[in-house]
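J.: Provided below for reference: sequence and predicted model.
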Amino acid sequence: MTVVWVANRVTPLADSVGTLKVTGSGSLVLLNANGSEIWSSNSSTDARNPVAQLLDSGNLVVKDVDGTGSGNFTYKIDPNGFPQSLLRQGSVVKFRLGPWNGVRYSGMPNLDPNPYYSYEFVLDDDEIYYHLKAP
């Protein structure tokens, strides 16, 4: 058996019986065999029709099934042209990091390598993402 996602490392289930459910408001809840809640996420906004999705990156996300329910601001990587991170308010771009130059986003000249974590930008046929990782 391969573990693909762990919700509750501190107080794991006592046996192999448990239920992970998505509440109507978009929170994840882990129930034990008795149906008692032993862990839950918190959600800053309610989802109208929530679904949980395990991404190939290993991240588990809860979102509206139709892709709506986001707030006024979104922060996404725009895959058009040279991919870059954009902060938008509605459809208006409020901030952009510029394209990735192999070391950092071109719009972040002060983002230097450090001994605590490194930056990685992945762009291939299947996915685009940016993350920080421990050395």
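T.: Right, received. Where do you want to start? Nothing here was measured: the structure is a model prediction, and the numbers come from that model. Residues are numbered from 1 along each chain as shown.

J.: show me how the protein divides into domains.
T.: 1-69, 73-133 (automatic domain parsing).

J.: Provide the strand pairings for the helix or strand bottoming out on mean pLDDT in the chain, with the direction of each partner.
T.: Least confident helix or strand, the chain: strand 60-64 with a mean of 77, by mean pLDDT, DSSP states H and E. Sheet pairing of strand 60-64 (DSSP bridges) gives strand 50-54 (antiparallel).

J.: got the buried residues for the strand it pairs with?
T.: Residues residue 50 are the ones in strand 50-54 that count as buried (16 or more other Cβ atoms under 10 Å). C-beta: built from backbone N, CA, C; applies to glycine.

J.: picking that back up, mean pLDDT lowest where, among the domains of the chain?
T.: Among the domains of the chain, domain 1-69 carries the lowest mean pLDDT, a mean of 76.

J.: so what's residue 78 closest to, chain neighbours aside?
T.: Leaving out its chain neighbours, the residue that sits closest to residue 78 by Cβ to Cβ, 6 or more residues apart in numbering is residue 86, at 5.0 Å.

J.: how close does that neighbour get to residue 61?
T.: 19 Å (Cβ to Cβ, to the nearest Å).

J.: same deal with residue 78?
T.: Residue 78 is 19 Å from residue 61, by Cβ to Cβ.

J.: also residue 134?
T.: Separation of residue 134 from residue 61 (Cβ to Cβ) stands at 22 Å.

J.: neighbour count winner among these two?
T.: Neighbour totals were compared for residue 134 and residue 61, and residue 61 leads with 10 against 6 (other Cβ atoms under 10 Å).
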